[in-house]
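A.B. asks: Structure, please.
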Amino acid sequence: AWSVQENSSVYRLLVILRPPPGHAFSTDSTEQPPAGCVRVALECLCSGEQLLGQMCFLHVSGGQLPRDQHWYLLDTLCTGSYLDVEKVACWVQMLVASAWLLLPHSRHCQLAALPSSKSCSFQLTGTSGMQIRLEMALAVQQ
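C.D. replies: Predicted coordinates:
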């Protein structure tokens, strides 16, 4: 969605987060998590691991993730077995800010992360004074 006003525009984006290979997101569990919590669990890849060249962490390693892989993101984005909204929002903001610097437009527009602990909002300000606000809603797909 977007809206345009005199000297500014607002774009609202829905960003679907996907779990890393060998993991799944779920909102239902035997435990009662707080409302809105998303559980991250290991997922069996045994049937497809030969074709995809992936290792099934659930069975091969007894559920232990190798420390030399990029699975450290789970430690970065989760508290316990659940996605941490504040950690995910902070990570996305850092990722977008880093990627912005690599784009040619970064020389003509300044990107600023707007303060928020539970969502991702950015403001682009062009040399002409034009402002664009980006609001990213993060969601997971089960």
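A.B. asks: correct me, but T127 touches H105?
C.D. replies: No - the criterion here is C-beta atoms under 8 Å, and T127 misses it with H105 at 10.9 Å. Every C-beta, even on glycine, is put in place using the N, C-alpha and C of the backbone.
A.B. asks: residues bridging contact with the two, i.e. touching both?
C.D. replies: The contact sets of T127 and H105 do not overlap (C-beta atoms under 8 Å, 6 or more residues apart in numbering).
A.B. asks: any weak-confidence spans in the chain?
C.D. replies: The chain contains residues with pLDDT under 70 at 1-3, 28-36, 47-72, 142.
A.B. asks: What ranges does it have for its helices?
C.D. replies: When assigned using DSSP state H, the helices of the chain occupy the ranges 49-52, 72-77, 85-100.
A.B. asks: Looking at those, which is nearest to P19?
C.D. replies: helix 72-77 (9.1 Å; C-beta to C-beta).
A.B. asks: Show me which positions of that closest one end up buried.
C.D. replies: L77 (16 or more other C-beta atoms under 10 Å).
A.B. asks: Tell me which residues are up against it.
C.D. replies: Contacts of helix 72-77 (C-beta under 8 Å, 6+ apart): P20, H23, V40, L65, L83, D84, K87, V88, W91.
A.B. asks: what does stretch 85-105 give?
C.D. replies: The contact list for stretch 85-105 (C-beta under 8 Å, 6+ apart) reads 15, 17, 36, 73, 76-79, 106, 111, 113, 116-120, 122, 136, 138.
A.B. asks: related to what we said a few turns ago, from the contacts of helix 72-77, list the buried ones, please.
C.D. replies: Buried among the contacts of helix 72-77 (16+ other C-beta under 10 Å): H23, V40, L65, L83, D84, V88.
A.B. asks: In those, find the pair that's most separated.
C.D. replies: For the buried ones among the contacts of helix 72-77, the farthest-apart pair by C-beta to C-beta is L65 and V88; their separation is 18.4 Å.
A.B. asks: All the strands of the protein, residue numbers only.
C.D. replies: 2-4, 8-17, 23-26, 39-42, 78-79, 82-83, 109-114, 120-126, 131-140 (DSSP state E).
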